[in-house]
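Asker: what's the 3D shape of this:
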Amino acid sequence: MRKLLGNFGEQLAEQHLIEKGYEILHRNWRYSRLGEIDLIAYLPDHKRLVFVEVKTRGNQKFGHVSESISALKQQKIQQLAEIYIAQAESERAIEQMSFDVVLVETQTQPVITHLESAF
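Answerer: Down below sits the predicted model:
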């Protein structure tokens, strides 16, 4: 059930980013056993490579979704981003990068909050 909710949230987040002009480069990009990045996107207007963590919750029983991204999780995403950049052969001009968080709350009607440069 948790995996289904997470996939649903990632789909909503991806659609939200596309509507805002982002190009989705990868979904669930994984490196070995170190972990994965939910979405890797590119914002052409700003020449920005964006690493996105998606957090989805059906209720606030376990706290607000923004509280679930620990410092350790942030470090892991940053480490994965460094590996991705070292391995990627991009044809896109990249002048900056950011770590964004998309919060998806699905109680009744989905509510999407995009935190740019969250960490």
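
Asker: Quick check: the gap between residue 36 and residue 28.
Answerer: Distance, residue 36 to residue 28, using Cβ to Cβ, to the nearest Å: 5 Å. Bear in mind the C-beta positions are built from the backbone N, C-alpha and C, glycine included.

Asker: Point out where this protein drops to low pLDDT.
Answerer: In the predicted model, the chain carries pLDDT under 70 at residues 1, 59-68.

Asker: what are the ranges of the helices in it?
Answerer: For the chain, the helices defined by DSSP state H cover 2-19, 71-87.

Asker: of all the ones you listed, which lies closest to residue 106?
Answerer: Proximity to residue 106 (Cβ to Cβ) singles out helix 2-19 among the helices of the chain, at 7.1 Å.

Asker: Which strands or helices does the closest one pack on?
Answerer: strand 23-31, strand 35-43, strand 48-57, strand 96-105, strand 111-115 (3 or more Cβ pairs under 8 Å, 6 or more residues apart in numbering; DSSP states H and E).

Asker: partners of the first one in the sheet?
Answerer: In other words, strand 23-31. Sheet pairing for strand 23-31, assigned by DSSP bridges, gives strand 35-43 (antiparallel).

Asker: And for the last one?
Answerer: Strands adjacent to strand 111-115 in the sheet, as given by DSSP bridges, are strand 96-105 (antiparallel).

Asker: Show me which positions of stretch 82-100 end up buried.
Answerer: 84, 98, 99, 100 (16 or more other Cβ atoms under 10 Å).

Asker: Setting the sequence-adjacent residues aside, check what's closest to the second one.
Answerer: With Cβ to Cβ, 6 or more residues apart in numbering as the criterion, residue 98 has its nearest non-adjacent residue at 4.6 Å, and that residue is residue 117.

Asker: Surely the one you found is in contact with residue 96?
Answerer: No: Residue 117 is beyond contact range of residue 96, at 9.5 Å (criterion: Cβ atoms under 8 Å).

Asker: Distance check, residue 82 against residue 76.
Answerer: From residue 82 to residue 76 the distance is 11 Å (Cβ to Cβ).
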